[in-house]
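*Asks:* Sequence and predicted structure below; questions after.
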Amino acid sequence: MSQYARFIRPGYHIVQSTSSRGSVRITAAKGDLSKVIIVASNSDTEPIVQTFNLQNSSVNSFTPYTTTSVKNCVKGTIVSVQNGSFTVTLEPSSIITFISN
């Protein structure tokens, strides 16, 4: 829950987001100045390679923050967006928040 409360701030609007995998849940929100937040959770016990396709967005990169049983909102390496999409590996039993840069 802290991933949502920490990064999705009052005034942000939830936007449509879907996943084709049952073990992956995605919530996306837009804020002021085209700020985009994506929260993805992987309830599987295995890592999952996930591609995110952005529509109507000019985001160039995201900074991920990961929480697992051994990580507490750990900042990761910047992920570049190419042609409106990016692909990452979601760690097992994790929640990752991607913050647009």
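*Replies:* Structure's in. What do you need?

*Asks:* ok, which stretches of the chain are helices?
*Replies:* 2-7 (DSSP state H).

*Asks:* Okay, now the unreliable bits of it?
*Replies:* In the prediction, the chain carries residues with pLDDT under 70 at positions 1-2, 4.

*Asks:* if you set the cut-off to 80 instead, what comes out?
*Replies:* 1-6, 18-21, 32-34 (pLDDT under 80).

*Asks:* ranges for the strands of this protein?
*Replies:* With DSSP state E as the criterion, the chain has strands at 13-15, 24-30, 36-42, 48-53, 61-67, 74-75, 79-80, 85-90, 94-100.

*Asks:* Mind giving me the packing neighbours of the first one?
*Replies:* Where contact means 3 or more C-beta pairs under 8 Å, 6 or more residues apart in numbering; DSSP states H and E, strand 13-15 is packed against strand 24-30. For glycine as for every other residue, the C-beta is placed from the backbone atoms N, C-alpha and C.

*Asks:* For the strand it packs on, report the contacting residues that lie outside it.
*Replies:* Strand 24-30 has contacts (C-beta atoms under 8 Å, 6 or more residues apart in numbering) with 4, 8, 12-19, 36-44, 48, 50, 52, 90.

*Asks:* picking up where we left off before, output the strands of the chain in TSV; the columns should cover mean neighbour count.
*Replies:* Below are these laid out as TSV (neighbours: other C-beta atoms under 10 Å):
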stretch	mean neighbour count
strand 13-15	12
strand 24-30	17
strand 36-42	21
strand 48-53	14
strand 61-67	18
strand 74-75	11
strand 79-80	12
strand 85-90	16
strand 94-100	22
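
*Asks:* to the chain's geometric centre, what's the distance from stretch 78-96?
*Replies:* Put simply, stretch 78-96 sits 7 Å off its chain's centre (C-alpha atoms, centre = their mean, to the nearest Å).

*Asks:* Pull the number of nearby residues for residue 5.
*Replies:* Residue 5: 8 surrounding residues under other C-beta atoms under 10 Å.

*Asks:* gap between it and residue 62?
*Replies:* In this view, residue 5 and residue 62 are 19 Å apart by C-beta to C-beta, to the nearest Å.
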